[in-house]
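Enquirer: Any chance you could fold what I've pasted below:
(chains A and B)
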Amino acid sequence: MIRERTDMVQNTGEEILRMEGITKEYEMGDEVSVVLKGIDLSVRRGEFLAVLGPSGSGKSTLMNIIGCLDVPTAGSYWLHGKLIADEDQTELARIRSAEIGFIFQSFQLLQRQSAFENVELPLIYANMPKKQRQERTREMLIRVGLEERMYHMPNQLSGGQQQRVAIARAIATNPTILLADEPTGALDQKTGMQVMQLFHELNDEGRTIIMITHDAKIASHASRIVRILDGNISEGGLEDA
Amino acid sequence: MLSLAILKQSLSMALQNIKANKMRSFLTMLGIIIGVAAVIGLITIVQSVSNQMMGEFSNLGAGTLNISTRASVMKEGLSETDMQLLMEVEGVEGLSPTVALTTSSVAGTEVYEETSVEGKNALFFTHNSDSIIAGRAFSELDMSGDTYVCIVDQNYVKNALLGKQVLGAEILVHGYRYTIVGIQKNSDNLMGFMTDNSELAGTILVPYKNALAMTGNGFVNNVEVYVEPQADISRVETDLRAVLKNIYNENTDFFSIFNMSSLMDMMNDVYSMMGGLLGGIASIALVVGGIGIMNMMLVSVSERTKEIGLRKALGAEPARIQIQFLIESIVLSMVGGFIGILLGLLIAAVAAQMMDAKFAISGGAILLGFGFSAGVGIIFGWMPAKRASELNPIDALRAE
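Expert: Numbers count the residues shown, from 1 in each chain, chains lettered A, B, ... in the order given. The predicted model follows:
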């Protein structure tokens, strides 16, 4: 079900994500566990938002809902003006393809495919014609500084390089939101900083980034931080973290 | 949705996965290989043997009807007048009566008490021209009844004339002096086999009227009817039956018409039934092979749960995941099928060699092999592929 929302407020940028009273419950046998307890959230185009919270706070569930991998039990979620509700898996896949670029903690590259093929994959799913697709893939790999290693297999790349491939893959379709889940979690500090540097650059290019993390130091790279605890969300700066 | 890029990508992924799990893939394919090889092998063998048999039968005479009569007290056989009536049936090209008797012959100084003598006319040889291996056949000029020429078969040459000049030699048949003008192949067909008798010195062919004179009654009991190629053979058979019924005063006990083509039809039916039956049994192996593929695909899906989750997160629709896994199982099955076809043909070729049959590759069987293996891939790959496509991306991504 897709409903256009017309009452969006113009501020720093157009509102591209809006959540109202998002609740997520899981049934475990007879017990119902409430993971998200009425989340309200608004993100504007061009923001670099960190969602900060310890494990078990519900931040992964929130990420899944933002990334259209899951749908809420109650509440409304508008992404790019579309209400994400009980869409079927096919429709959700199309929304992900067009709107979301995922960056995972453990990179999640296909091990038997080269860097080039990994970056090309979401473009194939987005039905981009071959010539344009290959050009775009090349462009993205150059953008993340892997010009020399385009045809390397993931196991021939360092962790930082693998995460760069993953970032190139995430931005390839030019999605509305870059959704990063602990993007530096598997990297040493130095490489982690390089990735954060890349995030800043991407943000400066006007890309909207939502980063989920438990690490306040990493969260501090964001321009805005929200904290999540026990399924509740609150706006908060670093000083509270 | 099913773009070329998706197909190509799925295909290359499928080949990569097969290569990455060589042993497992090979063992999985083995079921299909054995199944397809069995189906192809059996069908090809049956086909080769049946082609061979059919070839022999059509040598015996396609387009030929065989009339046999039994001698009764009233009528010893067909007379010249009767045959004239048979000749008048529409579609009959000609008749070749056979007068067969066993009598004595003398070659040199040796007497052979048991010699098979058959009377044939010139027309017989126009339909069996390849039976003469040396010398000449009878011509119309030999048919007057007072030309004493004969044709001996290889058996007679072996038994009575070994090491001697055969063509032009003179022998006594039934007390008459005959000049040998030709040598005939031993009849290696089914009929020859059935009438084979080791007591006999061999077979001597003499002009039909000479043989009639030997029997002394002027009746024949065996007539081959050559049917014009464009005529409907079963219609001719019906008409001939009507004429014979008339000749025999409505008594059908004393004559029979043997239609080689209806026998061939029957044989054909038997062979195709046999082929189908054997193929059916062999396809049980294919089902077992298919179950193997299903098993491997299920393992593959659970091993690659994380990959499936990732692909979904990157925007792959469930249908695309399903197609990818389906293609993988089809590729697996068809590679097996291809090897199976080669193996099956090899087995059939060896078997044909051993059975002395001519090996005939049947395009239909090869197509069947490919069709079977593709079908197995689709049928047995469907469930695992469906399962992959229905995986929840969150659970799939979390899987280790």
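Enquirer: Now do the buried residues in stretch B:166-175.
Expert: B:166, B:171, B:173, B:174 (16 or more other CB atoms under 10 Å in any protein chain shown). Bear in mind the C-beta positions are built from the backbone N, C-alpha and C, glycine included.
Enquirer: which residue packs closest to the second one, ignoring adjacent ones?
Expert: Just to be clear, that refers to residue B:171. Spatial nearest neighbour of residue B:171, excluding adjacent residues (CB to CB, 6 or more residues apart in numbering or on different chains): residue B:107 at 4.7 Å.
Enquirer: wait, the one you found sits on residue B:161?
Expert: Yes. Proximity of residue B:107 to residue B:161 meets the contact threshold set by CB atoms under 8 Å, at 5.7 Å.
Enquirer: neighbour-wise, which of these two wins?
Expert: With other CB atoms under 10 Å in any protein chain shown as the criterion, residue B:107 and residue B:161 differ in neighbour count, and residue B:107 comes out ahead with 26 against 20.
Enquirer: Please name the residues that touch that one.
Expert: Remark: with contacts taken as CB atoms under 8 Å, 6 or more residues apart in numbering or on different chains, residue B:107 is in contact with B:160, B:161, B:169, B:171, B:172.
Enquirer: any idea how far residue B:40 is from it?
Expert: In this view, residue B:107 and residue B:40 are 54 Å apart by CB to CB, to the nearest Å.
Enquirer: Equivalent analysis for residue B:306, please.
Expert: Taken as CB to CB, the spacing of residue B:306 relative to residue B:40 amounts to 40 Å.
Enquirer: Between the two, point out the one with more neighbours.
Expert: Between residue B:306 and residue B:40, counted using other CB under 10 Å, residue B:40 has the larger neighbour count: 29 against 17.
Enquirer: Make a markdown table from the buried residues of stretch B:166-175 and add secondary structure to it.
Expert: Putting the buried residues of stretch B:166-175 into a markdown table (DSSP: H, G, I helix; E, B strand; the rest coil) gives the following:
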| residue | secondary structure |
| --- | --- |
| B:166 | coil |
| B:171 | strand |
| B:173 | strand |
| B:174 | coil |
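Enquirer: Nearest to chain A among those residues?
Expert: Ranked by distance to chain A (CB to the nearest CB), those are led by residue B:166 at 78.4 Å.
Enquirer: Please give the element, helix or strand, for the residue of chain A found nearest chain B.
Expert: The shortest separation between chain A and chain B is 2.7 Å, found at residue A:97 (distances taken as CB to the nearest CB). Secondary-structure element containing residue A:97, defined by DSSP states H and E: helix A:89-99.
Enquirer: Could you point out which residue ranges in the chain have low pLDDT?
Expert: With no chain named, the answer covers chain A. Across chain A, the ranges flagged by pLDDT under 70 are A:1-12, A:237-241.
Enquirer: look at chain B instead
Expert: Within chain B, the ranges that satisfy pLDDT under 70 run B:1-2, B:57-62, B:187-198, B:400.
Enquirer: Within range of chain A, give me the residues from it.
Expert: B:3, B:5-6, B:9, B:13, B:16-17, B:20, B:306-307, B:310-320, B:390, B:393-394, B:397 (CB under 8 Å from any CB of the partner chain).
Enquirer: Just the buried subset of those, please.
Expert: Buried by 16+ other CB under 10 Å: B:5-6, B:9, B:13, B:17, B:306-307, B:310-320, B:393-394, B:397, out of the residues of chain B next to chain A.
Enquirer: buried stuff in the longest helix along chain A?
Expert: Using DSSP state H to define each element, chain A has its longest helix at helix A:189-204. Of the residues in helix A:189-204, those buried by neighbour count under the rule 16+ other CB under 10 Å are A:191, A:192, A:194, A:195, A:196, A:198, A:199, A:202, A:203.
Enquirer: returning to what we had before: and the residue nearest to residue B:171, how close does it get to residue B:180?
Expert: Where residue B:180 is concerned, residue B:107 sits at a distance of 9 Å (CB to CB).
Enquirer: For the residue in the stretch 251-400 of chain B positioned nearest to chain A, which residues are in contact?
Expert: Using CB to the nearest CB, the closest approach of the stretch 251-400 of chain B to chain A is made by residue B:315 at 2.7 Å. Counting by CB under 8 Å, 6+ apart, residue B:315 makes contact with A:93, A:94, A:96, A:97, A:98, A:122, A:125, A:126, A:173.
Enquirer: Give me the three-state assignment for the residue of the stretch 51-200 of chain B found nearest chain A.
Expert: Residue nearest to chain A within the stretch 51-200 of chain B: residue B:51 (48.4 Å; CB to the nearest CB). Recorded secondary structure, residue B:51: helix (three-state DSSP).
Enquirer: The chain: strands as residue ranges?
Expert: Just so you know, I chose chain A. Per DSSP state E, chain A carries strands over the ranges A:15-28, A:31-44, A:48-52, A:74-79, A:82-83, A:100-103, A:177-181, A:208-213, A:224-229, A:232-235.
Enquirer: oops, chain B please
Expert: For chain B, strands defined by DSSP E occupy the ranges B:64-69, B:92-107, B:110-120, B:132-135, B:149-153, B:170-173, B:176-184, B:203-207, B:222-227, B:255-259.
Enquirer: Next, format those as TSV and append distance to residue A:181.
Expert: Compiled in TSV, the strands of chain B are given as follows (distance: least, CB to CB, whole Å):
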stretch	distance to residue A:181
strand B:64-69	86
strand B:92-107	91
strand B:110-120	97
strand B:132-135	90
strand B:149-153	94
strand B:170-173	107
strand B:176-184	93
strand B:203-207	96
strand B:222-227	86
strand B:255-259	83
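Enquirer: Show me how the record splits chain B into domains.
Expert: Structural domains assigned to chain B are B:4-57+B:265-398, B:76-247, following automatic domain parsing.
Enquirer: Out of the ones you listed, which is the most enclosed?
Expert: Neighbour counts averaged per stretch over the domains of chain B are highest for domain B:4-57+B:265-398, at a mean of 19; criterion: mean count of other CB atoms under 10 Å in any protein chain shown.
Enquirer: next one: it to chain centre, how far?
Expert: Relative to its parent chain, domain B:4-57+B:265-398 has a centroid offset of 28 Å by CA atoms, centre = their mean, to the nearest Å.
Enquirer: circling back to that earlier point, assess the claim that the residue of the stretch 51-200 of chain B closest to chain A and residue B:358 are in contact.
Expert: Yes. Contact between residue B:51 and residue B:358 holds when scored by CB under 8 Å: they sit 6.5 Å apart.
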